[in-house]
Every structure is written in C-alpha cells, then in structure tokens.
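>>> output the structure for:
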Amino acid sequence: MDSEGFKDSKDAEYWHGKSLELAVSFLPSDAPVVKHIVSSYQKHHSPAYQQIPENEEFNSDVKIVKPLKGV
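Numbering: from 1, shown residues only. Now for the predicted structure:
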C-alpha cells in the first residue's frame, strides 16, 4: 500500500471483498457498516459499473459477489 491507497486495484478489490466477508459473518445485514461496505464494493468493483470495451476482445473472468439469502 502506498501513501495514497492501494498500488493495484486488485489489492483494493481483495480487501473490499475480505471486509465484506467478515462483516456479513459477524453482523446483521441491516447494520450500517455492512451497508456501507456493500455499497463501496459495488461502487468500485462491480462489473455492472465497468465500461465494456467495444473494439477489443474481452478474455478475463467476471467475478460477481452478492449476499446470500438470509444474510
């Protein structure tokens, strides 16, 4: 990590995912911190918000994270 944040967006995505995993393991789904982590993850890492390159081939896997039923 550098002084302005993570050097690589994959690092940031990993730690967002880990914090989301921990938060939903120990806290109720309606807890404000869980809602904040979910919205932050979606804002920064959701495939739904990424621009689709129209003039190039796309060969990477898409990872979708969603809450489990009852969480």
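>>> C-alpha only now, for contacts and for neighbours.
OK.
>>> which non-adjacent residue is nearest the one residue sitting closest to the centre of the chain?
Among the residues of the chain, the one closest to the centroid is Tyr41, at 3.2 Å (CA atoms, centre = their mean). Excluding its sequence neighbours, the residue lying closest to Tyr41 (CA to CA, 6 or more residues apart in numbering) is His16, at 6.0 Å.
>>> return the residues in contact with the one you found.
Listed by CA atoms under 8 Å, 6 or more residues apart in numbering, the contact partners of His16 are Ile37, Ser40, Tyr41.
>>> list just the nearest of those to Lys69.
Of all those, Lys69 sits closest to Ile37, with 17.6 Å by CA to CA.
>>> what about the helices in the chain?
9-26, 32-45 (DSSP state H).
>>> dump those to CSV, plus distance to Ile64.
Compiled in CSV, these are given as follows (distance: least, CA to CA, whole Å):
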stretch, distance to Ile64
helix 9-26, 11
helix 32-45, 9
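>>> out of those, the one nearest Glu54 is which?
helix 32-45 (19.7 Å).
>>> off-centre distance for that closest one?
7 Å (CA atoms, centre = their mean, to the nearest Å).
>>> quick one: average pLDDT of it?
Average pLDDT, helix 32-45: 83.
>>> what helices and strands are in contact with it?
Packing partners of helix 32-45 (3 or more CA pairs under 8 Å, 6 or more residues apart in numbering; DSSP states H and E): helix 9-26.
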